[in-house]
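Engineer: got a sequence here, can you model it:
(one chain, ligands or ions: 1)
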Amino acid sequence: KPVVAIVGRPNVGKSTLFNRIVGNRISIVEDEPSITRDRLYGEGEWLDNHFLVVDTGGLDLDSEAELKDEVRQQAELAIEEAEVVLFVVDGRTGIKPMDREVANLLRRSNKPIILTVNKVDSKELEEKVKYDFYELGLGEPVAISAKHALNTGDLLDEVISHFSTEETGEYDEDTIRISVIGRPNVGKSSLVNSILGKERVIVNDVPGTTRDAIDTYFEVGDNQFVIIDTAGMRKRSKVEAGIEKYSVIRSLKAVDRSDVALMVLDATQGITQQDKKIAGYAHDQGKAMVIAVNKWDLIKKETNIDQRYADEIRYEASFINYAPITFVSALTGQRVLEILDIVEYAAEQYSRRIKTNVLNNVIKEAISKHQPPSQKGRRLKVYYATQPRVKPPLIILFVNDPTLLRQSYKRYLKNSIRKSFGFDGTPLKIIARNRK
Ligand code: GDP
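Structural biologist: Predicted coordinates:
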């Protein structure tokens with residue numbers, strides 16, 4: 001999916017615009033509203049065009065950085081990696097010095113930049129700002145009010161007009177596409193190099209793709225894998241390592257193109273807030289996930305140490321409780337190849353389809369053990385279930401009234417399904433529909 005980045009100084013209304021575009025759209029797997037995480041990106045849709053929207057303003061991944069620096073750096077990353085950049089300015093305050101700075105940067109890029117003047121809620125102001133902001137040299141401004149949804153449709157028309165239509169089916173169905181995600185310095189590059197350096201791993205160029213410059217295709221036995229966007233990960237020198245600024249957009253795009261996200265954690269640091277945010281991308285996009293706790297060589301071995309680590313991860317990030325956890329060392333090569341077995345397993349579960357009669361037996365049994373909830377004298381009735389979709393598996397329950405399916409009961413059914421079928425490594429989505 002194309003990425004649309006929203007940049008601009010604080011208080012111009014970036015997050016209001018973000019919310020306007022993303023709306024209340026529930027992402028692919030997030031059917032549990034209990035999950036609260038910062039929403040910095042979401043899926044937008046306009047006239048059948050699907051895209052990812054990133055609010056760069058909220059990305060204070062490097063919170064010590066000076067604000068000015070931060071705004072500039074995020075603008076730079078946005079130019080590099082987004083398909084379309086929405087540069088948001090405030091129509092009420094007029095042009096501020098920081099606006100000029102960002103505009104200078106954006107003008108030099110050859111990405112489509114849409115100068116978006118926000119907080120314009122009257123015709124007079126609209127005329128005025130169009131004239132005033134023209135001088136930023138970014139073409140005709142689009143005047144909107146994100147808060148009152150004025151002209152936002154025109155804005156989206158313009159956004160999608162910049163999308164190109166190519167890019168489909170770049171790898172063969174059987175190739176497992178892996179994105180490697182995690183904070184800087186957790187050892188992503190080291191791990192990738194360690195995997196690719198193993199004797200059994202045959203690294204090949206994929207003929208006929210334009211992606212081979214950034215993706216790495218390889219085979220192990222009969223299995224084919226591709227690590228998405230390894231640019232900057234392979235053959236990195238000690239000096240280079242760790243100086244690169246973490247790019248959210250880049251990770252998002254890699255996750256979007258993958259089947260399985262390999263989430264790398266640093267064993268010496270445990271799971272951090274930022275790790276959870278990053279894991280959230282893959283979860284929200286409905287991707288399979290495997291967690292590799294790296295630098296395991298640095299951990300003093302005590303009884304049950306791995307169990308305690310796993311427990312902490314489960315406790316801290318319960319929304320990804322389906323992801324298998326493995327403990328590895330890129331440095332010594334310990335269990336590095338096993339990651340691929342686990343990834344393969346997760347990918348299999350991700351595209352697994354359960355036969356309707358088998359699925360219905362499991363659901364029937366779960367219901368007989370634990371009565372469905374009722375509300376105002378009406379009890380939920382589940383007539384039957386189907387699994388119309390994979391990647392990730394989606395289960396639809398046909399019921400008498402979908403509003404009667406409460407979260408807790410949904411969770412119970414989900415657990416029952418997992419108990420019977422596993423689905424390890426993949427998110428699982430359940431929705432209820434009225435029986436037709
Ligand atoms: P990236 O930013 O996530 O790609 O991380 P790098 O692969 O550049 O690694 C960051 C630092 O951690 C480097 O100094 C590596 O040598 C070190 N490192 C990576 N993996 C391991 C490991 O398994 N054990 C130890 N002890 N150090 C590691």
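
Engineer: residues of the chain that sit close to the ligand?
Structural biologist: 182, 184-190, 241-242, 294-295, 297-298, 329-331 (Cβ under 6 Å from any ligand atom). In this view, the C-beta of every residue, glycine as well, is placed from N, C-alpha and C.

Engineer: so which of those belong to strands?
Structural biologist: When DSSP state E defines the strands, the subset of these inside them is residue 294.

Engineer: put the buried members of the residues of the chain next to the ligand into a PyMOL selection.
Structural biologist: Those of these that count as buried under 16 or more other Cβ atoms under 10 Å are selected in PyMOL with:
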select buried, resi 182+184+186+187+188+189+190+294+295+329+330+331
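
Engineer: flag every buried residue along the lowest-mean-pLDDT helix or strand in the chain.
Structural biologist: Across the helices and strands of the chain, mean confidence by mean pLDDT, DSSP states H and E is lowest for helix 67-81: a mean of 73. Of the residues in helix 67-81, 70, 71, 72, 73, 74, 75, 76, 77, 78, 79, 81 count as buried by neighbour count, 16+ other Cβ under 10 Å.

Engineer: and stretch 329-343, how far from the chain's centre?
Structural biologist: Centroid separation for stretch 329-343 versus its chain: 24 Å, with Cα atoms, centre = their mean, to the nearest Å.

Engineer: one more: stretch 387-401?
Structural biologist: Stretch 387-401 sits 22 Å away from the centroid of its parent chain (Cα atoms, centre = their mean).

Engineer: what about that stretch, how long is it end to end?
Structural biologist: The first and last residues of stretch 387-401 sit 19 Å apart, counting by Cα to Cα, to the nearest Å.

Engineer: before we move on, what about stretch 348-360?
Structural biologist: 21 Å.

Engineer: got it, and stretch 100-120?
Structural biologist: 19 Å.

Engineer: give the contact list for residue 399.
Structural biologist: For residue 399, the contact set (Cβ atoms under 8 Å, 6 or more residues apart in numbering) comprises 380, 381, 382, 383, 405, 432, 433, 434, 435.

Engineer: let's go with 6 Å and repeat that
Structural biologist: 382, 432 (Cβ atoms under 6 Å, 6 or more residues apart in numbering).

Engineer: do residue 271 as well
Structural biologist: Contacts of residue 271 (Cβ under 6 Å, 6+ apart): 265, 313, 316.

Engineer: likewise for residue 292?
Structural biologist: Residues near residue 292 by Cβ under 6 Å, 6+ apart: 264, 326, 328, 339.

Engineer: narrow those residues to those in strands?
Structural biologist: Members of the contacts of residue 292 lying in strands (criterion: DSSP E): 264, 326.

Engineer: ok, the contacts of residue 292 vs residue 227, which is closest?
Structural biologist: residue 339 (11.2 Å; Cβ to Cβ).

Engineer: what sits against that closest one?
Structural biologist: Taking Cβ under 6 Å, 6+ apart as the test, what residue 339 contacts is residue 292.

Engineer: one more pass at 8 Å, please.
Structural biologist: By Cβ under 8 Å, 6+ apart, the residues touching residue 339 are 191, 195, 262, 290, 292, 326, 328.

Engineer: walk me through the domains of this protein.
Structural biologist: Listed domain ranges for the chain are 3-161, 176-350, 356-434 (source: automatic domain parsing).

Engineer: mean confidence for the second one?
Structural biologist: Spelled out, that is domain 176-350. Domain 176-350 carries an average pLDDT of 87.

Engineer: roughly how far out does that domain sit from the chain middle?
Structural biologist: 15 Å.

Engineer: ditto for the last one
Structural biologist: Using Cα atoms, centre = their mean, we find the averaged C-alpha position of domain 356-434 to lie 25 Å away from the chain's own average C-alpha position.

Engineer: one step back: the contacts of residue 339 in helices, which ones?
Structural biologist: 191, 195 (DSSP state H).

Engineer: in CSV, list the contacts of residue 339 along with distance to residue 309.
Structural biologist: Formatted as CSV, the contacts of residue 339 follow (distance: Cβ to Cβ, whole Å):
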residue, distance to residue 309
191, 17
195, 21
262, 17
290, 15
292, 12
326, 11
328, 12
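
Engineer: for the chain, which segments count as helices?
Structural biologist: Applying DSSP H to the chain gives helices spanning 14-22, 67-81, 97-107, 123-133, 152-161, 188-196, 248-256, 273-284, 305-316, 338-350, 356-369, 407-421.

Engineer: send me stretch 422-436 as CSV with only the CA atoms.
Structural biologist: The C-alpha trace of stretch 422-436 is given here as CSV (Å, rounded to 0.1, in the frame of the first residue of the first chain):
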residue,chain,number,x,y,z
GLY,A,422,-3.3,-23.7,17.5
PHE,A,423,-2.9,-20.9,15.0
ASP,A,424,0.4,-20.2,16.7
GLY,A,425,2.2,-17.2,15.2
THR,A,426,-0.8,-15.7,13.5
PRO,A,427,-3.5,-13.2,14.7
LEU,A,428,-7.0,-14.5,14.4
LYS,A,429,-10.0,-12.4,13.7
ILE,A,430,-13.6,-13.2,14.7
ILE,A,431,-16.6,-11.2,13.6
ALA,A,432,-20.3,-11.7,14.1
ARG,A,433,-22.9,-11.2,11.4
ASN,A,434,-26.6,-11.4,11.3
ARG,A,435,-27.8,-14.6,9.8
LYS,A,436,-29.4,-13.7,6.5
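
Engineer: contacts for it, please.
Structural biologist: Taking Cβ under 8 Å, 6+ apart as the rule, stretch 422-436 contacts 28-29, 31, 260, 283, 286-290, 322-324, 342, 345-347, 349-350, 352, 383, 392-402, 405, 410, 413-414, 417-418.

Engineer: identify the residues contacting residue 340.
Structural biologist: Going by Cβ under 8 Å, 6+ apart, residue 340 touches 195, 220, 223, 225.

Engineer: nearest to residue 137, of these?
Structural biologist: Checking the contacts of residue 340 one by one against residue 137 (Cβ to Cβ), the nearest turns out to be residue 225, at 46.0 Å.

Engineer: ok, now how distant is the closest residue to the closest one other than its chain neighbours from residue 351?
Structural biologist: In this structure, residue 225 finds its nearest non-sequential neighbour in residue 176, 5.0 Å apart by Cβ to Cβ, 6 or more residues apart in numbering. Distance of residue 176 to residue 351, given as Cβ to Cβ, to the nearest Å: 10 Å.

Engineer: higher neighbour count, those two?
Structural biologist: Neighbours of residue 176 and residue 351, each counted by other Cβ atoms under 10 Å, are more numerous for residue 176; the result is 22 against 15.

Engineer: what's near enough to touch residue 359?
Structural biologist: With contacts defined as Cβ under 8 Å, 6+ apart, the neighbours of residue 359 are 385, 386, 387, 395, 417.

Engineer: do that again at 6 Å, thanks
Structural biologist: Residue 359 neighbours (Cβ under 6 Å, 6+ apart): residue 385.
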